[in-house]
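Asks: Let me see the structure of the following:
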Amino acid sequence: MKSAYVADLQPDQAVSSLFLVRDKEIRTSSATGKSWLQLELVDRTGTIEAKMWDNFSEVAATFDRDDIVKVRARVKVYRGKSELSIEQIIRAPEREFVLEDFLPHTKEDVEQLFARVRLAAAGVGDSWLRALLESVLDDPAIAAKLKRAPAAMTMHHAYIGGLVEHIVSLCSLVRDASAHYPEVNADLLYTGAILHDLGKIEELTYSRGFGYSTEGELLGHIVIALGILRKKIEAIPGFPAPLATVVEHLIVSHHGAYEFGSPRLPMVREAVLLHYLDDLDSKMGAMRATLESKEGSGTWTARNPSLRRALLRTDDFLRGAEAAGESSSPPSKPKAAGK
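Replies: As a prediction, this is how the structure comes out:
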């Protein structure tokens, strides 16, 4: 069974534990000509790079991506980041592991999250949009995948149940934003929030490790979502064609820019607002994951690849300032002369 987890590893620690192989390749240095086995190993607490320098050629052929492996290694620090220097690695038989140890999972109760999505859908006033949402959420095949799918591979909510957690968070933002901007159509906004990433249930694979399906690689989640929704809309007799077009526009424009994968730019109020709310929740989710990670130096995290920057651990920084006797509040104004 698994003993040591990624989040608990310390520099120079000897490790003998199980990990899931997310990535695997043999690399060769252009400067020295030396080759090594490069791995990305994961468990439910995080990810760590690993290298095997000696006698790896035959070993590498005995396991593949998404396999669970037994690793004997030592934790090294390279360029401020922990990695494993592997001494031995073998494929683990299934009787020796529980898959849940290797896949990160939402901290929330998935059934409760899904119930909150259904409640948001039931509150949509437009009968056509409510019927569309219910046809999606009542589909057992879709519901099962919605409860399990991550919202992304690595950028945000990248864990089992991450997609439904992201949808619930986005619905909360929609509630507040539509109250602040009463001119927007809240029913459309809720519909977009619930359906915008629907294609990820088929774009991503998440039964053992996270990856892209063949359909996901070839089409992407926006095109996949359109296919699912058009079938659902066609099955609702009399569904208004203009309304269907606007719903589809919310889906195809929610990334906000061509360079980010949107076939169209947001061109209605609800689409613009959906894009920015989705982007906000995605970025906050990415920041949360980075700040919870132990990687980094002192009060700074490791670089977040999606945000392209390291983050300051503000609480640690301010505690350190207080411990050093530095004030965390602005100085009081000096009294005027004679008073």
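Asks: Setting the sequence-adjacent residues aside, check what's closest to residue 261.
Replies: Residue nearest to residue 261 in three dimensions, not counting chain neighbours: residue 255, with 4.8 Å by Cβ to Cβ, 6 or more residues apart in numbering. Heads up, the C-betas are built off the backbone N, CA and C, glycines and all.
Asks: ok, now residue 183?
Replies: Nearest to residue 183 is residue 269, by Cβ to Cβ, 6+ apart, at 7.0 Å.
Asks: Can you mark which positions in the helix ranked longest in the chain are buried?
Replies: If you go by DSSP state H, the chain has its longest helix at helix 269-292. Neighbour counts using 16 or more other Cβ atoms under 10 Å place 270-275, 277-278, 281-282, 285-287, 289-291 of helix 269-292 among the buried residues.
Asks: Tell me which residues touch the residue nearest to residue 183, please.
Replies: 181, 183-185 (Cβ atoms under 8 Å, 6 or more residues apart in numbering).
Asks: Can you flag the buried ones in those residues?
Replies: For the contacts of residue 269, buried by 16+ other Cβ under 10 Å: 184-185.
Asks: Just to be sure, which of the contacts of residue 269 are found in strands?
Replies: Among these, no member is found in strands (DSSP state E).
Asks: Just name the closest of the contacts of residue 269 to residue 145, please.
Replies: Checking the contacts of residue 269 against residue 145 by Cβ to Cβ gives residue 185 as the nearest, at 28.0 Å.
Asks: Distance of that closest one relative to residue 199?
Replies: Relative to residue 199, residue 185 is positioned 23 Å away (Cβ to Cβ, to the nearest Å).
Asks: now residue 85
Replies: 40 Å.
Asks: The two - which one has more neighbours?
Replies: residue 199 (23 against 14; other Cβ atoms under 10 Å).
Asks: close enough to count as contact, that one and residue 223?
Replies: Yes: Residue 199 lies in contact with residue 223 (Cβ atoms under 8 Å); the separation is 7.0 Å.
Asks: so where do the strands sit in the stretch 151-300 of the chain?
Replies: Listed in chain order, the strands of the stretch 151-300 of the chain (DSSP state E, counting those that start in this stretch) span 204-205, 211-212, 296-297, 300-301.
Asks: Tell me which of these sits nearest to residue 165.
Replies: For the strands of the stretch 151-300 of the chain, the distance to residue 165 is smallest for strand 204-205, at 14.8 Å, taking Cβ to Cβ.
Asks: chain center to that closest one: distance?
Replies: 12 Å (Cα atoms, centre = their mean, to the nearest Å).
Asks: what comes into contact with it?
Replies: Contacts of strand 204-205 (Cβ under 8 Å, 6+ apart): 149-150, 153, 210-213, 216, 221.
Asks: What of stretch 219-237?
Replies: Counting by Cβ under 8 Å, 6+ apart, residues outside stretch 219-237 touching it are 128, 131-132, 135-136, 142, 195-200, 202-204, 215-216, 239, 244, 247-248, 251-252, 254-255, 261-263.
Asks: redo that, cut-off 6 Å
Replies: Residues outside stretch 219-237 that contact it (Cβ atoms under 6 Å, 6 or more residues apart in numbering) are 131, 135-136, 198-200, 202-203, 239, 244, 251-252.
Asks: Okay, now the unreliable bits of the stretch 201-339 of the chain?
Replies: 321-339 (pLDDT under 70).
Asks: all helices for it, in order.
Replies: Assigned by DSSP state H, counting those that start in this stretch, the helices in the stretch 201-339 of the chain fall at 214-219, 221-234, 241-253, 269-292, 314-323.
Asks: Same list (the ones you listed) but as JSON lines, adding distance to residue 13.
Replies: Below are the helices of the stretch 201-339 of the chain laid out as JSON lines (distance: least, Cβ to Cβ, whole Å):
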{"stretch": "helix 214-219", "distance to residue 13": "37"}
{"stretch": "helix 221-234", "distance to residue 13": "39"}
{"stretch": "helix 241-253", "distance to residue 13": "47"}
{"stretch": "helix 269-292", "distance to residue 13": "20"}
{"stretch": "helix 314-323", "distance to residue 13": "23"}
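Asks: Ok, which of the ones you listed comes nearest residue 90?
Replies: Nearest of the helices of the stretch 201-339 of the chain (Cβ to Cβ): helix 214-219, 29.7 Å.
Asks: Counting neighbours, show which residues of the closest one come out buried.
Replies: For helix 214-219, using 16+ other Cβ under 10 Å, the buried residues are 216, 219.
Asks: Send over it as PDB, restricted to the C-alpha atoms.
Replies: Provided in PDB are the C-alpha atoms of helix 214-219 (Å, rounded to 0.1, in the frame of the first residue of the first chain):
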ATOM      1  CA  THR A 214      -8.800  11.000 -29.100                       C
ATOM      2  CA  GLU A 215     -12.000  13.000 -29.500                       C
ATOM      3  CA  GLY A 216     -10.700  15.600 -27.200                       C
ATOM      4  CA  GLU A 217      -7.400  16.000 -29.100                       C
ATOM      5  CA  LEU A 218      -9.100  16.200 -32.400                       C
ATOM      6  CA  LEU A 219     -12.100  18.400 -31.500                       C
END
